[in-house]
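Undergrad: Here is my input, please return the structure:
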Amino acid sequence: MLWSVRHFQDRQPGQRGDGDAVSQGSLAGWYTAAADATEPALAVVTAGLAAAEVLGADETGIRVDGGLAWVHATRTDELTRYTVSAKRGVAAMTVAGVLPALAADAVLHDFWAPYWHFDLTHAVCGAHLGRELVGAAEVEGQADRASRLDRLLSEINHTVTAARAAGADALAPELLATYRRRYGGLIDAGWAANPEHRPGQRGRRRPKHVNLLDRLDGHRAEVLRYAEDLRVPFTNNGSERDIRPLKIRLKVAGCLRTMAGAEAFCRLRSYLSTARKQGQSTFKVLRLLHEGNPWMPVTIS
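TA: Reported below is the predicted structural model:
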């Protein structure tokens, strides 16, 4: 039977009628059935994400059955897919099946280590780096170089935004070379200001600003990906926006009681988020789901 209240309709005389309380078991059953009915639509979403040119990825912790679990989000401006796992890292993303199958030209993320496990073309969120650079600028002796690097990344973003608006698909080679040279000069100055540390150094505890400097040095291409490929956004804010409804849900209702319920929640949120991005009414797509004919997303190339 489809998820619905149909079995309350067409009652026979003597049966309980309007105003009866609906059991929690019935609600849970309808919710699970609704989530299961989204599978044809979510198959299209997953295939569309796996073929996307540029993909955003993010993750967040949630409480499930009194313990910690993790929701992983992969998205474009037209598609969203959430998956939940008791694990946070590579194993969970492998089960999700999007990143391992990806043929994207770039994946935008927040520098979280497990993303680097996958053989992908990576891009790093400029907003995350900006916040870290602000923190580094508060360290004695680091303010000038950290602030200048933050300003340089913002300057490049303004240039890229203007070029994109003008219809360009790339920066002029000499301009890109100049930006790379300026970036490298600031990285070199950062190491000169921290002579007791070396790039890639292991075996000793290092302050946060040095770890940041090491990442900025070792991943220069990924940090500047948005300057090399104008299709790549400067920030991963789209992924953060897609994660926010889950955080709001947990603030309002607290933890999810079971992993099965969390999985159903993520399937329904994937369906509704994708529908919203493609201009569909939430009521309309829920009604189609109720009727056993789920709305099917469009994969936009």
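
Undergrad: Touching, Leu230 and Arg164? I think so.
TA: Yes - counting by C-beta atoms under 8 Å, Leu230 does reach Arg164; the two are 5.1 Å apart. (Glycine included, C-beta is placed from N, CA and C.)

Undergrad: Using the three-state scheme, assign Pro297.
TA: Using DSSP: H, G, I helix; E, B strand; the rest coil, the structure places Pro297 in coil.

Undergrad: In the protein, where is pLDDT below threshold?
TA: Counting by pLDDT under 70, the ranges of the chain that qualify are 1-20, 22, 24-28, 203, 300-301.

Undergrad: What's the local residue count around Ala69?
TA: For Ala69, the count of nearby residues is 20 (other C-beta atoms under 10 Å).

Undergrad: isn't it right up against Gly61?
TA: Yes - Ala69 lies in contact with Gly61 (C-beta under 8 Å); the separation is 7.3 Å.

Undergrad: Spit out the contact partners of Leu175.
TA: Contacts here follow C-beta atoms under 8 Å, 6 or more residues apart in numbering; on that basis Leu175 touches Thr159.

Undergrad: can you tell me how far it sits from Thr258?
TA: Applying C-beta to C-beta, to the nearest Å, the value for Leu175 to Thr258 is 54 Å.

Undergrad: wait, isn't Leu213 in contact with Ala189?
TA: No - counting by C-beta under 8 Å, Ala189 is not a contact partner of Leu213; they are 10.0 Å apart.

Undergrad: Could you export the longest strand seen in the chain as PDB, CA atoms only?
TA: In the chain, assigned by DSSP state E, the strand with the most residues is strand 54-64. C-alpha atoms of strand 54-64 as PDB (Å, rounded to 0.1, in the frame of the first residue of the first chain):
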ATOM      1  CA  VAL A  54      31.700  20.600 -11.000                       C
ATOM      2  CA  LEU A  55      30.400  19.100  -7.700                       C
ATOM      3  CA  GLY A  56      30.300  20.500  -4.200                       C
ATOM      4  CA  ALA A  57      30.700  18.200  -1.100                       C
ATOM      5  CA  ASP A  58      30.200  18.800   2.600                       C
ATOM      6  CA  GLU A  59      29.500  16.800   5.800                       C
ATOM      7  CA  THR A  60      28.000  17.400   9.200                       C
ATOM      8  CA  GLY A  61      27.500  15.400  12.400                       C
ATOM      9  CA  ILE A  62      24.100  14.500  13.700                       C
ATOM     10  CA  ARG A  63      22.700  12.600  16.700                       C
ATOM     11  CA  VAL A  64      21.100   9.200  15.900                       C
END
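
Undergrad: any idea which helix or strand comes after it?
TA: Sequence-wise, the next helix or strand downstream of strand 54-64 (DSSP states H and E) is strand 67-75.

Undergrad: so what does the helix or strand that comes right after that next one touch, helix or strand wise?
TA: Once strand 67-75 ends, the next helix or strand along the chain (criterion: DSSP H and E) is strand 80-85. For strand 80-85, the elements it packs on are helix 39-50, strand 67-75, helix 90-96, helix 259-277, judged by 3 or more C-beta pairs under 8 Å, 6 or more residues apart in numbering; DSSP states H and E.

Undergrad: how does it look with 6 Å?
TA: The contact analysis (3 or more C-beta pairs under 6 Å, 6 or more residues apart in numbering; DSSP states H and E) places strand 80-85 against helix 39-50, strand 67-75, helix 259-277.

Undergrad: That one pairs with which strands, parallel or anti?
TA: Applying DSSP bridges to the sheet, strand 80-85 is found paired with strand 67-75 (antiparallel).

Undergrad: Name the surrounding residues that touch the partner strand.
TA: With C-beta atoms under 6 Å, 6 or more residues apart in numbering as the test, strand 67-75 has contacts from 49, 55-62, 81-86, 88, 92-93, 96, 98, 239, 242-243, 246.

Undergrad: And that strand, what's buried?
TA: For strand 67-75, the neighbour count (16 or more other C-beta atoms under 10 Å) marks Ala69, Trp70, Val71, His72, Ala73, Thr74, Arg75 as buried.

Undergrad: okay, the angle between it and helix 259-277?
TA: If you take axes from the mean of the first three to the mean of the last three C-alpha atoms, to 10 degrees, strand 67-75 sits at 20 degrees to helix 259-277.

Undergrad: And strand 67-75, how far out from the chain middle?
TA: 10 Å (C-alpha atoms, centre = their mean, to the nearest Å).
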